[in-house]
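Trainee: Fold the following and give me the result.
(one chain, ligands or ions: 1)
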Amino acid sequence: MAGVTDRPFRQLCRRLGAGYAVSEMVASDPRLFDSAKTRRRTDHAGEPAPIAVQIAGSDPARLAEAARHNVARGAQIIDINMGCPAKKVCNAAAGSALLADEPLVASILDAVVRAVDVPVTLKIRTGPDPAHRNALSIAGIAQSAGVAALTVHGRTRACMFTGPVEYETIAAVKAAVAIPVIANGDIDSPERARDVLAFTGADAVMIGRAAQGRPWIFREIGHFLATGRRLAPPTVDEARELILAHLEDHYAFHGEAQGVRIARKHLGWYTRDLAGGDAARAAFNAAETATAQVAAVHRLFETLAGLGDRLQYTTGAGSAGVWTPRPAKGDAAARAALRGTRARRPAAAPWAGEALAA
Ligand SMILES: Cc1cc2nc3c(=O)[nH]c(=O)nc-3n(C[C@H](O)[C@H](O)[C@H](O)COP(=O)(O)O)c2cc1C
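Mentor: I've put the predicted structure just below:
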């Protein structure tokens, strides 16, 4: 995620159970290879394998060159972005705008797969808009081109981040290709991860926004899938240590001035819905130095420690704000519905249309 999954955050997610974490997207324009932003985005020092770098662009030759450039800088997997609806990316006919031009998709995939000897993966949406859902066709093109795995965010480009996720389209893609398929979109709890895996048959799930302010969601999902039981939220002491360690890496990576500014959003996510969060956020945002920001974290956690051993959310929603545990009754109904319709998938997943807090 651009602006979120920098190296410190990726490393934190990996330590907390993510099996895999992809870099922020890197431009394919060679003029930008030496920009400070691109150099920072391609700095993988100390990052655990596999190092996966996402590239964005629309010109096959340039994307091939970008892939080679990133492999030379340590990338062990190249991911191609055909999922981002951002204007900045789509105006240049890149990101998810590419989905409307299947011959161009084929040329890009062909060029990039030939350019490097590491696995090339692809991230897509379900199509350009609801009238043109071509994920199946794109998946076939990807498989033929030698793409190693496909991540599907179950919305069209036009849908941006609104409306229900089309888990049924992801299931259809999974059924149609032999390469691994990773399901993505609105997965914000261990129960949702389990249900999406069961419904789509996907090989893995990818978590985006729900990891913001809640990087421990990865171990929570892993534990739940392995045992069927929920893992307790971190203790107040552990959360404080994790956040302080994140900040230390973050300031070292971005430098103090920029680091303090960028840290405000992470601290905002960490403290959303936490008792005392409002006052703490005001202090994080006012802080001009790392020392002042860290002191504000300590003050918040001293208050939290007085409230109990574990993190307590005022709304019960979880720090990412998109985490809405499904009621046990709903889960049972969804699982029963899935069992009954396994052979013939329902037109929409049982939870489609369910309101999310996001
Ligand atoms: C702030 C932000 C930045 C994103 N940047 C990228 C990106 O650079 N590349 C990409 O493939 N997807 C990007 N995405 C999309 C996410 O990877 C993901 O597909 C989407 O948020 C749906 O998953 P979620 O519901 O788990 O967040 C971004 C999403 C957000 C919110």
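
Trainee: mind saving the C-alpha coords of the longest helix that the chain contains as PDB?
Mentor: Criterion DSSP state H: the longest helix present in the chain is helix 236-254. Output of helix 236-254 as PDB, limited to C-alpha atoms (Å, rounded to 0.1, in the frame of the first residue of the first chain):
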ATOM      1  CA  VAL A 236      -0.800  -3.000  27.000                       C
ATOM      2  CA  ASP A 237       2.900  -3.600  27.700                       C
ATOM      3  CA  GLU A 238       3.400  -5.500  24.500                       C
ATOM      4  CA  ALA A 239       1.600  -3.000  22.300                       C
ATOM      5  CA  ARG A 240       3.700  -0.200  23.800                       C
ATOM      6  CA  GLU A 241       6.900  -2.100  23.000                       C
ATOM      7  CA  LEU A 242       5.700  -2.900  19.500                       C
ATOM      8  CA  ILE A 243       4.700   0.700  18.700                       C
ATOM      9  CA  LEU A 244       8.000   2.100  20.200                       C
ATOM     10  CA  ALA A 245      10.100  -0.400  18.200                       C
ATOM     11  CA  HIS A 246       8.100   0.500  15.100                       C
ATOM     12  CA  LEU A 247       8.700   4.200  15.700                       C
ATOM     13  CA  GLU A 248      12.400   3.700  16.200                       C
ATOM     14  CA  ASP A 249      12.800   1.800  12.900                       C
ATOM     15  CA  HIS A 250      10.500   4.400  11.300                       C
ATOM     16  CA  TYR A 251      12.600   7.400  12.400                       C
ATOM     17  CA  ALA A 252      15.800   5.700  11.400                       C
ATOM     18  CA  PHE A 253      14.400   4.900   7.900                       C
ATOM     19  CA  HIS A 254      12.700   8.200   7.100                       C
END
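
Trainee: By mean pLDDT, which helix or strand of the chain comes out lowest?
Mentor: Least confident helix or strand, the chain: helix 328-340 with a mean of 34, by mean pLDDT, DSSP states H and E.

Trainee: contacting residues around the residue in the stretch 151-300 of the chain positioned nearest to the ligand?
Mentor: Nearest residue of the stretch 151-300 of the chain to the ligand (Cβ to the nearest ligand atom) works out as Gly208 at 2.6 Å. Heads up, the C-betas are built off the backbone N, CA and C, glycines and all. The contact partners of Gly208, taken as Cβ atoms under 8 Å, 6 or more residues apart in numbering, are 1, 184.

Trainee: ok, now how distant is Arg219 from Arg7?
Mentor: Using Cβ to Cβ, to the nearest Å, one gets 20 Å for the distance from Arg219 to Arg7.

Trainee: Looking at those two, which has the bigger crowd around it?
Mentor: Arg7 (23 against 17; other Cβ atoms under 10 Å).

Trainee: May I have the phi/psi pair for the spatially most central residue of the chain?
Mentor: When Cα atoms, centre = their mean is applied to the chain, the residue found nearest the centroid is Gly208 (2.6 Å). Gly208 has phi and psi values of phi -110, psi -100 when expressed as degrees, to the nearest 10.

Trainee: Tell me the pLDDT of it.
Mentor: Here the pLDDT value assigned to Gly208 is 97.

Trainee: Right, I'll call it a day here.
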